[in-house]
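Trainee: how would this look folded up:
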Amino acid sequence: MAGHQSIFIVIWEYRVRVEKRSAFEEIYSASGAWAELFRKGAGYIGTELMHSTEYPEQYITIDRWETKADYESFLSQWKNEYETLDTQCEGLTEQESCLGRFASKLS
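Mentor: Below is the predicted model:
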């Protein structure tokens, strides 16, 4: 359809260690280390960090890309840097899981 643009979204959920919340928020924020790495990829739109109002240790991130292909290309091209940063962040969380990858239509 003319005038419609699709967007690709990846959502992660985290249970953050209480004593590491500040460091986690800094690294996973819209201006943090993850977003800085993602900006190297074509088609990256932005990241949102959301915090639960009910459970202080629960967070989600929403990463937006123009297309699934852009996201997959980023993962391929920046695999080593992604894995290095992921390893550096392991001690911040008790649990993390990908809630899904979603395609959306914007009007």
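
Trainee: give me the phi and psi angles of residue 27.
Mentor: phi -70, psi -30 (degrees, to the nearest 10).

Trainee: so what's the residue count around the nearest residue to it once chain neighbours are set aside?
Mentor: Excluding its sequence neighbours, the residue lying closest to residue 27 (C-beta to C-beta, 6 or more residues apart in numbering) is residue 33, at 4.8 Å. Bear in mind the C-beta positions are built from the backbone N, C-alpha and C, glycine included. Neighbour count for residue 33, taken as other C-beta atoms under 10 Å: 14.

Trainee: pLDDT (mean, whole number) over the longest strand along the chain?
Mentor: In the chain, with assignment by DSSP state E, the single longest strand is strand 93-106. The pLDDT scores in strand 93-106 average 91.

Trainee: quick one: contacts of it?
Mentor: 4-17, 20, 24, 57, 60, 68, 71 (C-beta atoms under 8 Å, 6 or more residues apart in numbering).

Trainee: from the chain's centroid, how far away is that strand?
Mentor: 8 Å (C-alpha atoms, centre = their mean, to the nearest Å).

Trainee: swap in stretch 83-90?
Mentor: 13 Å.

Trainee: measure residue 45 to residue 20 for me?
Mentor: 27 Å (C-beta to C-beta, to the nearest Å).

Trainee: looking at the two, which one has more neighbours?
Mentor: The neighbour comparison of residue 45 against residue 20 (other C-beta under 10 Å) goes to residue 20, with 16 against 13.

Trainee: got the contact list for the nearest residue to that one once chain neighbours are set aside?
Mentor: Nearest residue to residue 20 in three dimensions, chain neighbours excluded: residue 92, at 4.4 Å (C-beta to C-beta, 6+ apart). Each residue near residue 92 by C-beta under 8 Å, 6+ apart is listed here: 16, 17, 20, 23, 24, 27.

Trainee: please flag which of those residues sit within strands.
Mentor: Per DSSP E, the subset of the contacts of residue 92 in strands is residue 16.
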